[in-house]
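Asks: Structural data only, the sequence is not supplied:
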């Protein structure tokens, strides 16, 4: 019986922790890192200040955990899409894979879109936790470059990385801009049909005169 009580207590604690993370993530998506207060998070999570201290230690630690959680979810989704590509994949297929996490988030809304909005906001001012995920960022870049270099062998690698970063920045902007809300009203298939040519164009670049 004692072990059962411990398990129940542990499960209840995990649910509280998850609610705090979700509440923090939603508020971060709306206002950014400096616009979130402890009272708002605890009220939205149905928890108390002691729970924040117990599970995270401080408001800053909770915000950082929510940010890292958002980043990791985004990177895992993108890596899953990019990892299925090969050197024979087209630039349009690369663009579709690159954009698909954002497409799904716009179509789904709710917590999925909150993740993307958080990622978009913190991309402007990366947190310390960003470095812990450097390996996943590097892997996503390598997966994209594998396709880009196969089709654009005459373009310098640093320029291809620049194009990739620009494409990512454009997708992040959609999560926050009014046009993103317009896209969110459409089915995922239509969002992808509209976005893929734009992202592919960023990868293609403009042919040089020479």
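Replies: That came through fine. It should be emphasised that the depicted structure is a prediction, and the values quoted were computed from it without experimental measurement.

Asks: Contact partners for the residue nearest to the spatial centre of the chain?
Replies: With distances taken as CA atoms, centre = their mean, the chain has residue 74 as the residue nearest its mean C-alpha position (3.3 Å). Shown in contact with residue 74 (CB atoms under 8 Å, 6 or more residues apart in numbering): 101, 115-116, 119. The way it works is simple: take the backbone N, C-alpha and C, and place the C-beta from them, glycine included.

Asks: how near is it to residue 25?
Replies: Separation of residue 74 from residue 25 (CB to CB, to the nearest Å): 12 Å.

Asks: where do the contact lists of these two overlap?
Replies: residue 115.

Asks: Check what pLDDT residue 8 gets.
Replies: What the model reports as pLDDT for residue 8 is 64.

Asks: Using the three-state scheme, assign residue 85.
Replies: Classification of residue 85 by DSSP: H, G, I helix; E, B strand; the rest coil places it in coil.

Asks: Next one: it from residue 151, what distance?
Replies: 12 Å.

Asks: Next step: the contacts of residue 74 restricted to helices.
Replies: Mapping the contacts of residue 74 onto helices (DSSP state H) picks out 101, 115-116, 119.

Asks: And those, which is closest to residue 168?
Replies: residue 119 (9.6 Å; CB to CB).

Asks: Can you give me the neighbour number for the closest one?
Replies: 24 (other CB atoms under 10 Å).

Asks: let's have the chain start at 43 instead
Replies: Yep, numbering from 43; the last one is residue 161 now.

Asks: Leaving out sequence neighbours, find the closest residue to it.
Replies: residue 116 (4.8 Å; CB to CB, 6 or more residues apart in numbering).

Asks: Can you check the pLDDT for the one you found?
Replies: 85.

Asks: What strand or helix carries it?
Replies: helix 101-124 (DSSP states H and E).

Asks: buried ones in that helix?
Replies: By 16 or more other CB atoms under 10 Å, the buried positions in helix 101-124 come out as 101, 104-113, 115-117, 119-121, 123-124.

Asks: Noted, bye for now.
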